[in-house]
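Visitor: predicted structure and sequence below. I'll ask about it afterward.
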Number of protein chains: 2
Amino acid sequence: MDIDRIDRKILSILQEDGRIANVDLAERIGLSPTSVGERLKRLQREGFVEGYGARLNPQRLGLGLLVFVEVLLDKTTPDNFERFARAVKLAPEVLECHMVAGGFDYLVKARLSDMTAYRRFLGERLLSMPGVRETRTYAVMEEIKRDAPLPVG
Amino acid sequence: MDIDRIDRKILSILQEDGRIANVDLAERIGLSPTSVGERLKRLQREGFVEGYGARLNPQRLGLGLLVFVEVLLDKTTPDNFERFARAVKLAPEVLECHMVAGGFDYLVKARLSDMTAYRRFLGERLLSMPGVRETRTYAVMEEIKRDAPLPVG
DNA sequence: ATATTTGACCGCAGATATTATGGATATTGA
DNA sequence: TCAATATCCATAATATCTGCGGTCAAATAT
């Protein structure tokens, strides 16, 4: 149920290189491929590993603009939150959305091709959603750190 | 050099399941494994795919608290930005950090085990960094959308 | 018109990797 | 002590990847 030093090392390596062959992983760990395979299967079964994904280059795909948008909702009707959440999940430009405690209600992270696309996104997606009262956008000028691995060590 | 419908489908599938066997990927695409393998190799060579990674469950790893921190720097000395960037890259709790245009300088995303760890992080990491003048923290109460795939379609 | 080049695709076979099985060893708790 | 459980390993069968040769069609040159 719990997780030892070896498990953490497995997770750490897999986070960096999710496609490493089990043989090579075992080599780096210092155990046999069979053992490492069994450990990994357990880690997956117990929910530590949710899946695997390719890391794509956003620039290369024409998604050069990263923005964060703070969103404030009307609190008059309580189901606004529900509806906002549902709409956000359907918007492909939105990579993340979190409900936060503090000066606003939601923080949205979105990737777009350029400012034109952003204007369209803001107008046609965000502001057109019912209950949205105010937004503040912060455009990213430089990505200092991007999608770092979770600290499992 | 450019990228057609089939390439996009490959990227889309790999984003969701980065460990899919080439045979199965080819099956879903409707081409032979060899062709798909060649395409994928090209996509990697040309920088569309940067790598692969396991998706871990933060809760399961005891990282239940997600926070966003807005950071303002002293603009008196220009190398503060350099130093801040360097320090942030070394902090394992920081998953993302972006320099933004707008009301503050940096937006930091960090995962921690709990509020105690957050207090330590804020005090010993962020505020102790030279040039940091002000921070505003927003604790995430609910993750509506987390690490959605890039819209390649 | 015809030859040639180019690019995308495919099948096959040797090399490589995964996985299921059985068994050895060590640790734990009754 | 003795059984039960964990972890690990070697082996073998099963599946997968990959390099190579070859086909085909479209574009280009002669």
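Guide: Received, thanks.
Visitor: show me what contacts residue A:14?
Guide: Contacts for residue A:14 (CB atoms under 8 Å, 6 or more residues apart in numbering or on different chains) come out as A:20, A:25, A:40, A:49, A:52, B:53, B:54. Just so you know, the C-beta spots here come from the backbone N, C-alpha and C atoms, and that holds for glycine as well.
Visitor: tell me which of the residues you listed is nearest to residue B:135?
Guide: residue B:53 (29.2 Å; CB to CB).
Visitor: residues touching the residue lying closest to that closest one once chain neighbours are set aside, list them.
Guide: Nearest residue to residue B:53, sequence neighbours excluded (CB to CB, 6 or more residues apart in numbering or on different chains): residue A:18, at 4.5 Å. Counting by CB under 8 Å, 6+ apart, residue A:18 makes contact with A:52, A:53, B:18, B:19, B:51, B:52, B:53, B:54.
Visitor: distance-wise, check residue A:18 relative to residue A:50.
Guide: Separation of residue A:18 from residue A:50 (CB to CB, to the nearest Å): 11 Å.
Visitor: in strands only, show me the contacts of residue A:18.
Guide: Within the contacts of residue A:18, residues falling in strands by DSSP state E are A:52, A:53, B:51, B:52, B:53, B:54.
Visitor: for DNA strand D, see how far away the second one is.
Guide: So the one you mean is residue A:53. 16 Å (CB to the nearest atom of the strand, to the nearest Å).
Visitor: could you pull out the helices in chain A for me?
Guide: A:5-16, A:22-29, A:33-45, A:80-90, A:115-120 (DSSP state H).
Visitor: any idea how far residue A:6 lies from DNA strand D?
Guide: In terms of CB to the nearest atom of the strand, residue A:6 sits 6 Å off from DNA strand D.
Visitor: repeat for residue A:83
Guide: 42 Å.
Visitor: how near is that residue to residue B:143?
Guide: From residue A:83 to residue B:143 the distance is 18 Å (CB to CB).
Visitor: likewise for residue A:63?
Guide: 22 Å.
Visitor: so between those two, which is more surrounded?
Guide: More neighbours surround residue A:63 than the other of residue A:63 and residue B:143, with 21 against 14 (other CB atoms under 10 Å in any protein chain shown).
Visitor: how many neighbouring residues does the nearest residue to that one once chain neighbours are set aside have?
Guide: Distances taken as CB to CB, 6+ apart place residue A:111 nearest to residue A:63, at 4.3 Å, with adjacent residues excluded. Applying other CB under 10 Å, we find 23 residues neighbouring residue A:111.
Visitor: ok, back up a step: closest one of the contacts of residue A:14 to DNA strand D?
Guide: residue A:40 (10.5 Å; CB to the nearest atom of the strand).
Visitor: test my guess that that closest one contacts residue A:49.
Guide: Yes. Using CB atoms under 8 Å, residue A:40 makes contact with residue A:49 at a distance of 7.5 Å.
Visitor: picking up where we left off before, highest neighbour count among the ones in strands among the contacts of residue A:18?
Guide: residue B:54 leads the ones in strands among the contacts of residue A:18 on contacts (other CB under 10 Å) with 28 neighbours.
Visitor: quick one: name the residues of chain A near DNA strand C.
Guide: Residues of chain A lying close to DNA strand C (CB under 7 Å from any atom of the strand) are A:21, A:22, A:23, A:24, A:33, A:34, A:37.
Visitor: need the per-residue pLDDT for the residue nearest to the fifth one when sequence neighbours are not counted.
Guide: Across the structure, with CB to CB, 6+ apart as the measure, the residue nearest residue A:33 apart from its sequence neighbours is residue A:26 (4.3 Å). pLDDT, residue A:26: 96.
Visitor: one step back: near DNA strand D, from the residues of chain A next to DNA strand C?
Guide: Applying CB under 7 Å from any atom of the strand to the residues of chain A next to DNA strand C, one finds that residue A:34 fall near DNA strand D.
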